[in-house]
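Novice: Structure, please.
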Amino acid sequence: MTVGRRLRRTLPALVLAPLLALTGLTACGGTSGDEAGASGPSSRNGVRQTAGVPRTGRTSAPSGGMREVPASSLPAEAQRTLRLIAAGGPFPYRRDGITFANRERRLPSEPTGYYKEYTVPTPGAGDRGARRLIGGRAGERYYTQDHYRSFVRVTGG
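Specialist: Numbering: from 1, shown residues only. Model (predicted):
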């Protein structure tokens, strides 16, 4: 294969990857197969949501570039789960409150047992779905809509 032909084949990928990264399409966006029943784009309190992921104009990046979102912009099911966590339960799923091992290393590195995970129900899902809230021992909260592939840090209530 000639250099020119190889360049023509790889050039689109070289151009497209940075564009996707800049637009944020690779971080926390889209839907996973587990969320096919999740609601589409909506607007509530001026915050755009896509399949349960809050879209704010905010670009703060606390830990390693992770986006922060206010708890009030999360789906209603996530807000209910946050209230259950604050109250100490009771939790609807047997596995709620188990240790989250952070095997994907998407959250800040902490000792084993530091993080606990909680289910955020997904409307229309026949199982626990893909959405979770992860709580740290110091009170920090993280939300994932795609079963640990991406996270946002939750601020406030």
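Novice: give me the low-pLDDT residue ranges for this protein?
Specialist: For the chain, the stretches with pLDDT under 70 are 1-64, 157.
Novice: what about the closest residue to residue 97 other than its chain neighbours, neighbour count?
Specialist: Nearest non-adjacent residue to residue 97, counting by Cβ to Cβ, 6 or more residues apart in numbering: residue 116, 5.4 Å away. Using the backbone N, CA and C atoms, a C-beta is placed for each residue, glycine as well. If you count neighbours by other Cβ atoms under 10 Å, residue 116 ends up with 16.
Novice: Now do residue 116 against residue 123, distance only.
Specialist: Distance of residue 116 to residue 123, given as Cβ to Cβ, to the nearest Å: 24 Å.
Novice: What of residue 137?
Specialist: As judged by Cβ to Cβ, residue 137 and residue 123 stand 30 Å apart.
Novice: and what of residue 107?
Specialist: Distance, residue 107 to residue 123, using Cβ to Cβ: 26 Å.
Novice: neighbour-wise, which of the two wins?
Specialist: Neighbours were counted for residue 107 and for residue 123 using other Cβ under 10 Å; residue 107 has more, 21 against 13.
Novice: Surely that one touches residue 152?
Specialist: No - look at residue 107 against residue 152 with Cβ atoms under 8 Å: they stay out of range, at 11.2 Å.
Novice: Quick check: neighbours shared by the two?
Specialist: residue 142 (Cβ atoms under 8 Å, 6 or more residues apart in numbering).
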